[in-house]
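> mind looking at a prediction? Sequence and model below.
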Amino acid sequence: MRKLFISMIAFMVFILTACTSDDDQDSEAAAEEPQSEEETTEEEVAEEEETFTPSEFEYYELEETARPLTDLEQELLRKPGPYSGENYNEEEVQEEVDKLPDDLTAEEYVHELKYLLAEDYHKEIETFANFDSEVTTDVQSPDETIEEPEMTNAHYAILIDASGSMHADTGGQTRWEAAKSAVTDFASEIPEASTVSLKVYGHKGTGSDADKELSCSSIETIFNDHYKQKDFKSALNDIDPSGWTPIASALESSEGDIPESADRAVVYVVSDGIETCGGDPVKAAQELVDKDIETAVNIIGFDVDNEGQKLLKDVADAGDGEFVYVDSESQLNEYMREQYEEIQEAWHEWKEEGKSQAYDQKEEKKQLANETKESVKEKADREKQHLKAAQEYLEDRFEDYDHPARSTFSPIIDYANEIWGYGVDTGNDLWGESVDSGNEEWGDYVDEGNEKINETIDKKNEH
């Protein structure tokens, strides 16, 4: 009985001890649980703080360009990396590469290397996008390009004697017919940009005293425009020589035929005699050249006597021009041939000036295209070498062959080669376009100049 009682007491002590032990363990577990939650929170915070943020490029802004930019050109407008060009430092680049996380994608690694090492292409992009390969010259016509003042925006005023004496025969035809033929051929060779006026005088009434007042006042401009063969010849054909010779009045009125835009006027007076209307042609010629516009008065005398020759020469001298005496059609033609030679030389100088301008522009555009191409190539090569070095260093950080860093070589090479090819292709295309345009412009001057020169030679040879 006593043994049973002792056994029961021992069992109860065991039970109490076991419960106390379980309670202690539960208490310790409860005390440790908040500490575990606190440590998890700190790890999460640390992980959040180490989250990777890709570098952001800044871009240049261009004003409106002559053509839209390609996708590559827009990409290349980004501002250069901190280690681009002369700022490259291999050790510092490697330090930046060491800061990159271990778990980026291949695309993210390539992006970060570009951010560090990208070159500055924005000037080249701007040049290419605004490049004008068209060669255009401003040599409009001989009178705008040659240095001789008589060919600079010139006006040619032809004053032709239509008095009765022009019916006289000279070399198988009348003086009037010879004069008409000569001035028509001459006017047809005047540069297209120049203007020509045709004035007749003494063409009304008769040579009688009764008609003198009418005839001396008969001065009429029958053509004033750029040369038009049909209108010019038609105006002359309507005139029938008949009366007196008012040279002075014709000279005085010629000022009104000269356009305000003309820089120089060349006056040709065609006459077979002296002033017969009481005017003073020497004074009229002097007053004409004293005007604001530079003017020369040239006199062509048909079959005039000694007194007439002297008077007409005085008129030419007063008009800063020359006097040419002709007593036959052959002498008139000789004089006209000399005039054609001057116009021929003007067209020659026009052609040569146009060729020179076209060539110079072509060479300038070729040079710009080539220099821009070479600049892109140089920068692309430099960027490629720097990117390759950084990529190799990045790759060596990881032993795992399948790591994304080991997949960055091809994208980097392709990217650098694309820029290089862009510079070569764009530069070569613009170079070629400049050559084609320049050669075409050059050829136009050659063709038109030669055509005009040959036309002038043909006219000259007809006399």
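Now that the structure is in, tell me what you want to look at. Owing to the predicted nature of the structure, the values given are computational and were not obtained by experimental measurement.

> give me the domain ranges for this structure.
What the record gives for the chain is the domain set 71-130+356-462, 149-327, from automatic domain parsing.

> averaged pLDDT, the shortest one. What do you get?
For domain 71-130+356-462, the mean per-residue pLDDT is 93.

> the longest one too?
Averaging pLDDT along domain 149-327 yields 79.

> and it, how far out from the chain middle?
Computed by C-alpha atoms, centre = their mean, to the nearest Å, the chain-centroid distance of domain 149-327 equals 44 Å.

> and stretch 350-359, by the same measure?
The chain centre lies 15 Å from the centre of stretch 350-359; the measure is C-alpha atoms, centre = their mean.

> contact partners for residue 284?
Residue 284 is in contact with 247-249, 251-252, counting by C-beta atoms under 8 Å, 6 or more residues apart in numbering. The C-beta positions use only the backbone N, C-alpha and C, and glycine is treated the same way.

> hang on, I meant residue 428
Here residue 428 is in contact with 369, 373 (C-beta under 8 Å, 6+ apart).

> what's the first helix or strand after the strand or helix carrying residue 111?
For residue 111, the element it lies in under DSSP states H and E is helix 106-117. From helix 106-117 onward toward the C-terminus, using DSSP H and E, the following helix or strand is helix 122-129.

> distance to residue 300 added to the contacts of residue 284, as a markdown table?
Written out in a markdown table, the entries for the contacts of residue 284 read as follows (distance: C-beta to C-beta, whole Å):
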| residue | distance to residue 300 |
| --- | --- |
| 247 | 12 |
| 248 | 17 |
| 249 | 18 |
| 251 | 14 |
| 252 | 19 |
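
> just flag the most distant two among those residues.
Across the contacts of residue 284, the two members that end up farthest from each other (C-beta to C-beta) are 247 and 252, 9.7 Å apart.

> neighbour-wise, which of the two wins?
The residue with more neighbours, out of residue 247 and residue 252, is residue 247; 30 against 19, by other C-beta atoms under 10 Å.

> in a helix, residue 191, correct?
No. Counting by DSSP: H, G, I helix; E, B strand; the rest coil, one finds residue 191 to be coil, located in no helix.

> what's the closest non-adjacent residue to residue 111?
Residue nearest to residue 111 in three dimensions, not counting chain neighbours: residue 54, with 6.0 Å by C-beta to C-beta, 6 or more residues apart in numbering.

> hmm, residue 109 and that neighbour touching each other?
No. Using C-beta atoms under 8 Å, residue 54 is not in contact with residue 109; the gap is 10.6 Å.

> neighbour count: the two, which is higher?
When residue 54 is set against residue 109 and neighbours are counted by other C-beta under 10 Å, the residue ahead is residue 109, at 25 against 11.

> what do residue 247 and residue 252 both touch?
The contact sets of residue 247 and residue 252 overlap at 279, 284 (C-beta under 8 Å, 6+ apart).

> state the phi and psi torsions of residue 425.
Phi and psi for residue 425, reported as degrees, to the nearest 10, are phi -70, psi -50.

> how close does residue 139 get to residue 263?
16 Å (C-beta to C-beta, to the nearest Å).

> if you count what's nearby, which of these two comes out ahead?
Taking residue 139 and residue 263 together and counting by other C-beta under 10 Å, residue 139 has the greater number of neighbours (21 against 15).

> and the longest helix seen in the chain with helix 122-129, angle?
The single longest helix within the chain, with elements called by DSSP state H, is helix 329-396. Helix 329-396 and helix 122-129 are oriented at 140 degrees to each other (axes from the mean of the first three to the mean of the last three C-alpha atoms, to 10 degrees).

> highest average neighbour count across the domains of the chain?
Each of those was assessed for mean neighbour count using mean count of other C-beta atoms under 10 Å. The highest is domain 149-327, with a mean of 20.

> so what's the one residue sitting closest to the centre of the chain closest to, chain neighbours aside?
The geometric centre of the chain, computed from its C-alpha atoms, lies nearest to residue 136 (C-alpha atoms, centre = their mean), at 5.6 Å. Excluding the flanking residues, the one nearest residue 136 by C-beta to C-beta, 6+ apart is residue 441, at 7.1 Å.

> which residues are in contact with that neighbour?
The contact partners of residue 441, by C-beta under 8 Å, 6+ apart, come to 135-137, 354, 358, 361-362.

> re the thing from before, just checking, what packs against the longest helix of the chain?
helix 90-98, helix 106-117, helix 122-129, helix 142-145, helix 175-188, strand 294-302, strand 323-326, helix 409-462 (3 or more C-beta pairs under 8 Å, 6 or more residues apart in numbering; DSSP states H and E).
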